[in-house]
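# based on what follows, work out the 3D shape:
(one chain, ligands or ions: 1)
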Amino acid sequence: MCGIVGYIGKRNSLQIIFDGLKRLEYRGYDSAGVAVIDEDNNINSFKKAGKVKELEVEFDKDLLAGKIGIGHTRWATHGEPNDNNAHPHFDMNKNITIVHNGIIENYKTLKKKLSLEGFTFSTDTDTEVLANLIEFHYKQKGSFEIAVRLALTEVEGTYGIACLCKSEPDKIIIARMGSPLMFGLGKDEIIVSSDAAAIINHTKNVIYLEDGEMAILKKDSFQIKTIEDEDIYREVQKIEYDLEEIEKGGFEHFMLKEICEQPEAIRNTYRGRINFETGVVKLGGLESVKEKLFNAKRIILTGCGTAWHAALVGEYMLEQYCRIPTEVEYASEFRYRNPIINKDDIVILISQSGETADTHAALKEAKKLGATTVGIVNVVGSTIARAVDAGTYIHAGPEIGVASTKAFTCQLMSLALITLMIGKNKGTISESELKEIADELKVLPDKMKQIIDKRNDYKFIAEEFKDSRNFLYLGRGFNFPVALEGALKLKEISYIHAEGYPAAEMKHGPIALIDENMPVVFIAPKDKTYDKIISNIEEIKARKGKIISIATEDDNEIQNYSDYILRVPNTLPIFSPILNSIPLQFLSYYIATARDCNVDQPRNLAKSVTVE
Ligand code: F6R
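Here you go, the predicted structure:
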């Protein structure tokens, strides 16, 4: 959600913090602020509602000069996104300054307690309560480190924090519980961030904090401890991607870049993991649990949003090719409905960011109940990736656009690889089928590129439909979840209401919505459901709905029923969701840009949802 950046070293911190915040803005973007310690050890701060870029010009660079500072880009949880509620927050004595990501659940109780001690508050935020709580302990103990520690032992909820103390101006203290936080080790400098994207142009050497840990950072040294005051030794890790990967590289938006990157991203997902001669798949990260996977009596797939859609496709794959009963759960519901989970169950957690709070909570619940947990994650070293029993990275590369695109198709590819691995072992996929799938995989990226190369065709359709108020997306089998995903993409970046349904379900209610103003997107591959889809199309046509069909190139019949056709190359059913997703991504992208929407940072959204 929110983004945190901090700097301590020899350089002026403001620009470094600003550049970092710009890179993190995709995580949250309703307000931003910085606080910097100047040469006279005063803490100066500026914060405002709005996007980082817009605010940059308003910051007084002289006032905010200094070599130690913290900054924040916010996605509001407590208190509306206005100047006052923006971070950093101060305690009432202006001794402690803090930026915070997460939610302090017991902040009302703590606020009451502090009010009785004479503390006053000037914002609606939970964060200001924490600043005052630290100051409360500081006044008693006279130590910044002890004050932070004691305050955090009283806090319930989640946090990633970075704080400054006017009385101890030579350090930044950071701490984490449920919200990602790391620091990069440069030459005589340390850069703090909630995401490696803000660190990578300074250093690739990072240290990730774990839950329940804090770090005391000075310009040339650091110390990691638990909140209970035990010393921690932590290995330095290397960030695996390069700066270019998180820049737009000539594309107008990150989302467009990421859609177009998909052929390469998919190649990265399967590279080195499949033997093309035999179709045998080996996923190194799953070696330790492979016997459990092969003998699984039940698999539960879980995630949120787009990742949940990927899970639905995974259910079709695993049941069809591996004959393993598979269930899909919303991660946000999982732990609240007292799920029946057995020790033999495999729970697969799907998450691009690896930081989604609900998915992480589902993981903890699954572990508590004794299941084997497996991650399908993009961000290397993320919380979920580190907490699962075993996992496979999708290797999609950094995804900055808030709407997930390449991560979705790479999640589908990872699920396909897991399916092939299990199916081969169980004998539910024949040798010849395996070989056929492997052969198709070799040409899949080129087929994806063929769709991408024709992206300009979508602009015309986008112009036609940019003023529509509603859309329906219909698909069957493997492509029903793709319909859901297409509808989600349109909703989130163009603010047009859209729903996805299994095509046959339309008759059970949604058909009442059909009139000449309703565009209906049909995903109509030439598979065993094709004739049924055609019947569904006719039902819509009879009621004057506008038909946009995603159809294969060899389909000469579809033009008799469709107002618009978006062509995709033919492929095997297991890969059809991957190809069919791309036209839907472009459709939403071009409709959103035709409506002048901010596709990379849609309103009210944030890239990784680290609060429940
Ligand atoms: C939609 C989208 C979200 C995420 C969801 C889960 O385009 O991006 O629905 O898929 O918030 O996020 P991750 O995959 O990071 O757990």
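# interface residues of this protein facing the ligand?
With the criterion set to CB under 6 Å from any ligand atom, the chain comes near the ligand through 303-307, 351-353, 356, 359, 403-404, 488, 492, 608-609. To be clear about C-beta, it is placed using only N, CA and C from the backbone, and glycine gets the same treatment.
# can you pick the most crowded of those?
Counting neighbours by other CB atoms under 10 Å, Ser351 leads these with 34 neighbours.
# ok, it touching Val374?
No. Contact criterion CB atoms under 8 Å: Ser351 and Val374 do not qualify, at 11.8 Å.
# three-state assignment of the one residue in the stretch 401-550 of the chain that gets nearest to the ligand?
Scanning the stretch 401-550 of the chain for proximity to the ligand using CB to the nearest ligand atom identifies Ser404 as nearest, at 3.4 Å. Here Ser404 is recorded as coil under DSSP: H, G, I helix; E, B strand; the rest coil.
# so it is in contact with Gly305, correct?
Yes. Using CB under 8 Å, Ser404 is in contact with Gly305, at 7.3 Å.
# quick one: contacts of the helix or strand of the chain with the lowest mean pLDDT?
Least confident helix or strand of the chain, by mean pLDDT, DSSP states H and E, is helix 52-56 with a mean of 77. Outside helix 52-56, the residues that touch it by CB atoms under 8 Å, 6 or more residues apart in numbering are Phe18, Leu21, Lys22, Glu25, Tyr29, Ala32, Lys48, Thr73.
# next one: whichever residue of the stretch 51-200 of the chain sits closest to the ligand from Ile216, what distance?
The minimum distance from the stretch 51-200 of the chain to the ligand, using CB to the nearest ligand atom, falls at Pro180 (11.3 Å). As judged by CB to CB, to the nearest Å, Pro180 and Ile216 stand 19 Å apart.
# coming back round to it: please identify which of the residues of the chain next to the ligand is nearest to the ligand.
Among the residues of the chain next to the ligand, Gly305 lies closest to the ligand (CB to the nearest ligand atom), at 1.8 Å.
# next up, the contacts around the closest residue to that closest one other than its chain neighbours.
Excluding its sequence neighbours, the residue lying closest to Gly305 (CB to CB, 6 or more residues apart in numbering) is Leu488, at 6.8 Å. Contacts for Leu488 (CB under 8 Å, 6+ apart) come out as Gly305, Thr306, His309, Ala498, Gly500.
# same list, the residues you listed, but as CSV with pLDDT please.
Compiled in CSV, these are given as follows (pLDDT from 0 to 100):
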residue, pLDDT
Gly305, 97
Thr306, 98
His309, 98
Ala498, 97
Gly500, 96
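# related to what we said a few turns ago, tell me which element the residue nearest to Gly305 is part of?
Per DSSP states H and E, Leu488 falls inside helix 480-494.
# still on that earlier bit, show me the contacts for the residue of the stretch 401-550 of the chain closest to the ligand.
With CB under 8 Å, 6+ apart, Ser404 has these contacts: Gly305, Thr306, Ala307, Gln352.
# turn those into a markdown table, columns for secondary structure.
Formatted as a markdown table, the contacts of Ser404 follow (three-state DSSP):
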| residue | secondary structure |
| --- | --- |
| Gly305 | helix |
| Thr306 | helix |
| Ala307 | helix |
| Gln352 | coil |
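# between those, which is closest to Gly427?
Closest to Gly427 out of the contacts of Ser404 is Ala307 (29.8 Å), distances taken as CB to CB.
# not counting sequence-adjacent ones, nearest residue to the closest one?
Ile350 (4.1 Å).
# and that neighbour, what does it touch?
Ile350 makes contact with 301-303, 307-308, 310-311, 314, 359, 375-377, 411, according to CB under 8 Å, 6+ apart.
# re earlier: so which of Pro180 and Ile216 has more stuff around it?
Neighbour totals were compared for Pro180 and Ile216, and Pro180 leads with 25 against 18 (other CB under 10 Å).
# got a pLDDT number for the more buried one?
For Pro180, the pLDDT comes out at 88.
# so it sits against Asp195, correct?
Yes. Judged on CB under 8 Å, Pro180 makes contact with Asp195 at a distance of 6.9 Å.
# do a quick rundown of the helices in the stretch 201-350 of the chain.
For the stretch 201-350 of the chain, the helices defined by DSSP state H, counting those that start in this stretch cover 254-260, 262-270, 290-294, 305-317, 331-334.
# can you give me the buried ones in the third one?
Judged by neighbour count (16 or more other CB atoms under 10 Å), helix 290-294 contains these buried residues: Lys292, Leu293.
# so where does Val599 fall, helix or strand?
Val599 is part of no helix or strand, with elements assigned from DSSP H and E.
# residue contacts, it?
By CB under 8 Å, 6+ apart, the contact list for Val599 reads His253, Met255, Leu256, Gly401, Ala403, Ile493, Tyr589, Ala592, Thr593.
# right, and Glu315 touches Ile300 too?
No. Glu315 is not in contact with Ile300 according to CB under 8 Å; the separation is 9.6 Å.
# who does the closest residue to Ile37 other than its chain neighbours bridge with?
Leaving aside its sequence neighbours, Ile37 sits nearest to Ile68 (CB to CB, 6+ apart; 4.4 Å). Taking DSSP bridges as the rule, Ile68 bridges to Ile8, Ile37.
# tell me the spacing between Ile68 and Ala35.
As judged by CB to CB, Ile68 and Ala35 stand 9 Å apart.
# tell me, what's touching these two both at once?
Leu164.
# same drill for those two, tell me which one is more crowded.
Just comparing Ile68 and Ala35: by other CB under 10 Å the higher neighbour count belongs to Ala35, 29 against 24.
# can you pull the pLDDT of that one?
Ala35 is given a pLDDT of 96.
# can you check Ile70 too?
97.
# for it, give me its contacts.
Counted by CB under 8 Å, 6+ apart, Ile70 has contacts 4-7, 17, 34-35, 88, 97-99, 162-164, 172, 192.
# farthest-apart pair in these, please.
With distances taken as CB to CB, the most widely separated pair in the contacts of Ile70 is Tyr7 and Ile98, at 15.7 Å.
# quick one: which of those two has more around it?
Tyr7 (34 against 29).
# quick one, what contacts the more buried one?
Ser13, Ile16, Ile17, Gly20, Lys67, Ile68, Gly69, Ile70, Glu189, Ile190, Ile191, Val192 are the contacts of Tyr7 under CB under 8 Å, 6+ apart.
# now those residues as CSV including secondary structure and distance to Met506?
Shown next, in CSV, are these (DSSP: H, G, I helix; E, B strand; the rest coil; distance: CB to CB, whole Å):
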residue, secondary structure, distance to Met506
Ser13, helix, 57
Ile16, helix, 54
Ile17, helix, 51
Gly20, helix, 47
Lys67, coil, 62
Ile68, strand, 60
Gly69, strand, 55
Ile70, strand, 52
Glu189, strand, 59
Ile190, strand, 57
Ile191, strand, 52
Val192, strand, 51
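# out of the residues you listed, who's nearest Arg234?
Closest approach between the contacts of Tyr7 and Arg234, by CB to CB: Ile190, at 13.6 Å.
# hmm, that closest one is touching Ile174, no?
No. Applying CB under 8 Å, one finds Ile190 not in contact with Ile174, separated by 9.7 Å.
# overlap in contacts of the two?
With CB under 8 Å, 6+ apart, Ile190 and Ile174 have common neighbours Gly6, Phe183, Leu217.
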